[in-house]
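Student: I would like the atomic coordinates for the input below:
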Amino acid sequence: MERASVDHLAHERNKAQFDVEAMKIVWAGSKHAFDVSNRMARLVANDPVFSKDDRHLLGRKELFKEAMRKAAHGWRRINELRLSDEEASRFRSFIDEPSFIDAHWEMFVTTIKGQGNEEQKQKWLPLAYKLQIIGCYAQTELGHGSNVRGLETTATFDPRSDEFVINSPTLTSTKWWPGGLGKASTHAIVFARLKLGTQDHGVHGFIVQLRSLDDHVPLPGITIGDIGMKFGNGGYNAMDNGFLRFDDVRVPRNHMLMGLSQVTREGKVLESNVPRQLAYGAMVYVRKFIVSEASTALSRAVCIATRYSAIRRQFGSHDGGPETQVIDYKTQQSRLFPLLASAYAFRFVGEWLKLLYTDLTRRIQSNDFSTLPEAHACTAGLKSLTTSVTAGAIDECRKLCGGHGYLCSSGLPQLFAAYVPACTYEGENNVMLLQVAKFLVKIVSQLGSEKRCVGTTAYMERVEHLMHCSCEVREAEDWLKPYVAMEVFEARSMRMLVACAQKISKMPSQEEGFSELSSDLAEAATAHCQLIVVSKFIEKLREDIPGEGVKDQLEVLCNICILSLIHKHKGDFLSTRSITPKQASLGNDQLRHLYTQVRPNAIALVDAFNHTDHYLGSVLGRYDGNVYPKLYDEAWKDPLNDSVVPDGYTEYLRPMLKQQLHNAKL
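Tutor: Numbering: from 1, shown residues only. The predicted model follows:
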């Protein structure tokens, strides 16, 4: 038996052609961010309470109880260690357990901060910060998710008592899916239709107490529970996604979130001068967060697949020599290395979104809402793009690990089951793309007017050039010129958007045009979002990046990201005449060469993610590469191996084996 202390990947790490420690800082974003993440990751990894061993073997009740235990222990440790907000957030993320506590911090607290008035913030935030109340975000209903305007829950103002009366008038108005709602939350931000007399004033948010703070029993008029088991054993099943119905539930008037609009004692609605889009500011914030998390989830899957691909050997042996490492096969590289490049690309576009959101917040505080539409489009579109790619990539990494990737001990089924909801929550991905498309088509329709294109749409100012320019690639190496690749992506996006806009203009109505061309519009929006990802990677390379060989490796990854996208979406680039078939072929030639440049550095590039073995939760992705003995050990942990002879043998197997079954008489 091999010793666990042996580093089976040491020879791979010795091949690295760059400063791995410097790359870790680039991945983290800064030396400070690296230090915080590194310390928090190891605090969690070294705490036995946060062990993830055997999680996939637990039943639903045990999973939720474990989530409660870890959340409570985590809260105690955060207070004992006096962690800052930044440290506490990273600490919770490394616990790696989907939990009600996520919805509390990311949705409930964020919404009150963004939509409450000062009085409400002073009342509710101290309680939420101390976890004296636990909150959730109750927006989605049984019959409506992405269509927020279609929500059916009502909040009718009663001027006699100065209260809102909240009701669920139909079965489809049942709140459905909110994380933390099923069993843990004491309060919810409930989105309901504001009704004053017979007038409907649209959807607003209300803070509603759901359960007693004494014994946690649902309050009168509240019907509440968990919606049931979700996809995958483990995965998101530690989260108590819930359902909620209201029967004449009364809340005080000042429980309506009044940062954006309010109802007076006399029953009049006073709207602020803030755009109504800010009512969904929490969702914009969360989508920005989701983009950052996509790079993390993708990096975990890629780390597992890359390390295992270097350990696994199959075929290719001659004269009794060792078999070929799977990572040396071009078929493996062509599937794996673009995902590695995408993990870095998503990391950098996530960093940029944080800056965009910070700038947006600063502008809003100065009553400047000019960048709000673009911020909404960017977060919606990049949320859709990155989560779709990441969900597919996690499953691709499972396939890249062969049969062993299907084992729960590989960590990949668990990661996939926990991640795929991101494609749907906070905006279904196709719906998000159509929202982006509407924003972009509007920009196209204004070209030639005095309104300027700025930010991520600035390239549209060059519409005449982009509609007629030709790709400058003459030989394979030309693809390594950043300005060449940028113009190709800009031309494709511009031409797809203009084509959509022209077709819509010929339709009987714009609404009918959007409906008929929805698939084309979604593809055009995807092209625009891919352009953003590529441009932010290129911008990253213009920074002063310290560390020997680090920038060189990032340039290789950036070019792989660019050329693999062109290869995957070759039909779009060819049909828009952004490139020629010959140029596409040259791109593939260059891509194969780039894979050979990544190969010696592959293990070091995933080491730069700095994931602990605890966080990866994978036998296949272990840092030391000691895979096979650990797989064997894990097999013995399964409950089926508790006994040599299985339960049920006497009743079922023995009669079959002894031929003691009797034929039925007709």
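Student: And the strands in the stretch 1-150 of the chain, which stretches?
Tutor: 135-138 (DSSP state E, counting those that start in this stretch).
Student: after the lowest-mean-pLDDT helix or strand in the chain, next one along is what?
Tutor: The helix or strand of the chain with the poorest confidence is strand 269-271; it has a mean of 86 (mean pLDDT, DSSP states H and E). Following strand 269-271 in sequence order, the next helix or strand is helix 281-311 (DSSP states H and E).
Student: Next, the angle helix 281-311 makes with the next helix or strand after that next one.
Tutor: Remark: after helix 281-311, the chain's next helix or strand is helix 330-365, criterion DSSP H and E. Interaxial angle, helix 330-365 versus helix 281-311 (axes from the mean of the first three to the mean of the last three CA atoms, to 10 degrees): 160 degrees.
Student: How far off centre is helix 330-365?
Tutor: Offset of helix 330-365 from its chain centre (CA atoms, centre = their mean, to the nearest Å): 11 Å.
Student: Likewise for stretch 522-535?
Tutor: Here stretch 522-535 is found 17 Å from its chain centre; the criterion is CA atoms, centre = their mean.
Student: Dump the C-alpha coordinates for it into CSV.
Tutor: The C-alpha coordinates for stretch 522-535 follow below in CSV (Å, rounded to 0.1, in the frame of the first residue of the first chain):
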residue,chain,number,x,y,z
ALA,A,522,-30.4,35.1,-27.2
GLU,A,523,-27.4,34.1,-29.4
ALA,A,524,-26.6,37.7,-30.1
ALA,A,525,-26.7,38.5,-26.4
THR,A,526,-24.4,35.6,-25.8
ALA,A,527,-21.9,36.9,-28.4
HIS,A,528,-21.9,40.3,-26.7
CYS,A,529,-21.3,38.7,-23.3
GLN,A,530,-18.5,36.6,-24.6
LEU,A,531,-17.0,39.8,-26.0
ILE,A,532,-17.0,41.3,-22.5
VAL,A,533,-15.3,38.2,-21.0
VAL,A,534,-12.6,38.3,-23.7
SER,A,535,-12.1,42.1,-23.4
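Student: where does the chain have low pLDDT?
Tutor: Scanning the chain with the threshold set as pLDDT under 70 gives 1-5, 273-283, 660-666.
Student: How is it divided into domains?
Tutor: 113-274, 279-449+475-607 (automatic domain parsing).
Student: ranking those domains by burial, who's on top?
Tutor: With neighbours taken as mean count of other CB atoms under 10 Å, the domains of the chain reach their highest mean count in domain 279-449+475-607, at a mean of 20. For every residue, glycine as well, the C-beta is placed using N, CA and C.
Student: Quick check: Asp7 touching Asp624?
Tutor: Yes - applying CB atoms under 8 Å, one finds Asp7 in contact with Asp624, separated by 5.0 Å.
Student: which residues of the stretch 1-150 of the chain fall in helices?
Tutor: Along the stretch 1-150 of the chain, counting by DSSP state H, counting those that start in this stretch, helices occupy 10-13, 20-28, 31-45, 60-80, 85-95, 100-103, 110-115, 118-129.
Student: Which of those sits closest to Ala422?
Tutor: helix 100-103 (12.2 Å; CB to CB).
Student: Now do that closest one: which elements does it pack against?
Tutor: Here helix 100-103 touches helix 60-80, strand 135-138, going by 3 or more CB pairs under 8 Å, 6 or more residues apart in numbering; DSSP states H and E.
Student: could you dump those to CSV with distance to Lys438?
Tutor: As requested, those are arranged in CSV below (distance: least, CB to CB, whole Å):
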stretch, distance to Lys438
helix 60-80, 39
strand 135-138, 25
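Student: quick one on the thing from earlier: same for the least confident helix or strand of the chain, what does it pack against?
Tutor: In this structure, strand 269-271 makes packing contacts with strand 261-263, judged by 3+ CB pairs under 8 Å, 6+ apart.
Student: List the pairing partners of the strand it packs on within its sheet, with orientation.
Tutor: According to DSSP bridges, strand 261-263 has the following sheet partners: strand 269-271 (antiparallel).
Student: Three-state assignment for the closest residue to Asp226 other than its chain neighbours, please.
Tutor: Distances taken as CB to CB, 6 or more residues apart in numbering put Gly182 closest to Asp226, at 3.3 Å, once the chain neighbours are dropped. Recorded secondary structure, Gly182: coil (DSSP: H, G, I helix; E, B strand; the rest coil).
Student: is it possible to export the domains of the chain to CSV including distance to Glu66?
Tutor: Listed next are those as CSV, based on distance: least, CB to CB, whole Å:
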stretch, distance to Glu66
domain 113-274, 7
domain 279-449+475-607, 14
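Student: Out of those domains, flag the one nearest Ser618.
Tutor: So among the domains of the chain, domain 279-449+475-607 is nearest, using CB to CB, at 3.1 Å.
Student: so how far is the closest one off the chain centroid?
Tutor: Domain 279-449+475-607 sits 13 Å away from the centroid of its parent chain (CA atoms, centre = their mean).
Student: and if you look at stretch 87-106?
Tutor: 14 Å.
Student: swap in stretch 20-32?
Tutor: Averaging C-alpha positions (CA atoms, centre = their mean) puts stretch 20-32 22 Å from its chain's average.
Student: Export that stretch to CSV, keeping only CA atoms.
Tutor: Taking Å, rounded to 0.1, in the frame of the first residue of the first chain, the C-alpha atoms of stretch 20-32 are listed here in CSV:
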residue,chain,number,x,y,z
VAL,A,20,3.1,29.7,-8.6
GLU,A,21,2.9,31.8,-5.4
ALA,A,22,2.6,35.0,-7.5
MET,A,23,-0.1,33.4,-9.6
LYS,A,24,-2.1,32.6,-6.4
ILE,A,25,-2.2,36.3,-5.6
VAL,A,26,-3.3,37.1,-9.2
TRP,A,27,-6.1,34.6,-8.8
ALA,A,28,-7.1,35.9,-5.4
GLY,A,29,-7.1,39.5,-6.7
SER,A,30,-4.6,41.0,-4.2
LYS,A,31,-2.1,40.0,-1.5
HIS,A,32,-4.6,41.0,1.1
